[in-house]
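>>> What follows is a protein structure lacking sequence information:
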C-alpha cells in the first residue's frame, strides 16, 4: 500500500471525526469512534478503500463519503441502514478493482455516461490492449425475505407449475423481481457505451447474502430464468434478452457487511467487511454469462476472481434450485 493512500485515508478519517457521522445520529457513529473496536475493524478498512478508489479516480472518496454521511440524522432509520449496506457492497467491488494489480496500464472512469443517458454505471475500466469494461453493482434489499426464509418451511426460488398454495403452509416466494429490475437498469445504463463502442463489455455485479442460489435460480432456472427462453419477463411474445449486459457476477457478501458492522466475527476467513477475497477462496464469485451477451476477456474475469458458474455445478448451491424444503436439525436448519 502506497504512502499516498495511507495519508489520504488518514485525511478522510480526520474529516469524518468532524462530520455528520460523528456529530449527529448515524448508524456508523460507533464504528468511527476512535475509542471503540469498530474504529479498527470498520472505520480503518472503510477509509483505506475510499483512498484506494481516490488514487485512480480523483474525487471518488469525497463523493462516496458525502453519500455515506447522508444516510443518517434519523435515529435507527432502517431505510438508512439498508442504504449503508448497499453502499458497502458497491465500495467492496470498486475498491477491489482500484487496488488490483492489473497486467497492463489501466484507466478508471467514475460514474461515466454515454449516448446522452442520464443514468450511469459505477465505473468503467479501460485496460490497454484489452478494451473497456463497465461495472454496475447492485445489492438487493433482503430484510423481509430473510425473515420469511428463516420462518417458513417451504421456499420457491423460481416460477414453476408448483403453486405456493399447494404446499399447504407458509411459503417464501422467489426474490427474482429485484434481479429483473437490476438487469433492466443495467441494460439501459450500458446501452450508450455499446452503441459508441461495439467491443465494450459490461458486467452487472449482484451482491447477495450467503444464499447465492436464489439469484442464480432467478437467472438460470429452466422454468423461468431471466437468461433462458422461458424467462418470466417477456415482451412481444418472447423473453427479454438484456443484450447490453454481457454477464452477471454473483457475490455472496451482504451478510459479511452485516456481521462486520455489528462487530461480530466474519465467515470464510474474511479479514474485514470490505475484504473481497482472494483467487480460489470460498465462496467463489460465480460468473453467469448472458447467452445474448459477449464473453468477458480473461483479464477482466481474473481481476474479479470470477469463476464461470459451469465450473461450479459440482456444488448443489451453484445449480438452480426451484423448490426448497427447510428442515430443523440438531445443528440448525438445513435444506
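Happy to help now that I have it. Quantities reported herein were computed from a predicted structural model and do not represent experimental measurements.

>>> Okay, now the unreliable bits of the chain?
1, 328-335 (pLDDT under 70).

>>> The closest residue to residue 43 other than its chain neighbours and residue 292, how far apart?
Spatial nearest neighbour of residue 43, excluding adjacent residues (C-beta to C-beta, 6 or more residues apart in numbering): residue 32 at 4.6 Å. All C-beta atoms are positioned from the backbone trio N, CA, C, and that covers glycine. Taking C-beta to C-beta, to the nearest Å as the measure, residue 32 and residue 292 are separated by 44 Å.

>>> can you pull out the strands in the stretch 201-335 of the chain?
Ranges of strands within the stretch 201-335 of the chain are 201-208, 234-235, 238-239, 247-252, 285-289, 306-308, 323-325, 327-329, 332-334, based on DSSP state E, counting those that start in this stretch.

>>> Now do the contacts for residue 72.
By C-beta atoms under 8 Å, 6 or more residues apart in numbering, residue 72 lies in contact with 20, 21, 24, 25, 26, 27, 28, 29, 80.

>>> swap in residue 54?
With contact taken as C-beta under 8 Å, 6+ apart, residue 54 is in contact with 5, 8, 60, 61, 62.

>>> Quick check: longest helix in the protein by residues?
Secondary structure of the chain per DSSP state H: the longest helix is helix 78-99.

>>> Bridged to the spatially most central residue of the chain, which residues?
A centroid search over the chain (C-alpha atoms, centre = their mean) returns residue 207, at 2.6 Å, as the residue closest to the centre. Going by DSSP bridges, residue 207 is paired in beta bridges with residue 139, residue 251.

>>> Quickly note the distance from it to residue 41.
Counting by C-beta to C-beta, the gap between residue 207 and residue 41 amounts to 20 Å.

>>> cool, and residue 280?
For residue 280, the distance to residue 41 (C-beta to C-beta) stands at 25 Å.

>>> Pick out whichever of those two has more residues nearby.
Between residue 280 and residue 41, counting by other C-beta atoms under 10 Å, residue 41 is the more crowded of the two (19 against 8).

>>> ok, back up a step: name the nearest of the contacts of residue 54 relative to residue 196.
Checking those against residue 196 by C-beta to C-beta gives residue 60 as the nearest, at 23.1 Å.

>>> Going by how many neighbours each has, rank residue 32 and residue 292 and give me the top one.
When neighbours are counted by other C-beta under 10 Å, residue 32 and residue 292 differ, and residue 32 comes out ahead with 21 against 14.
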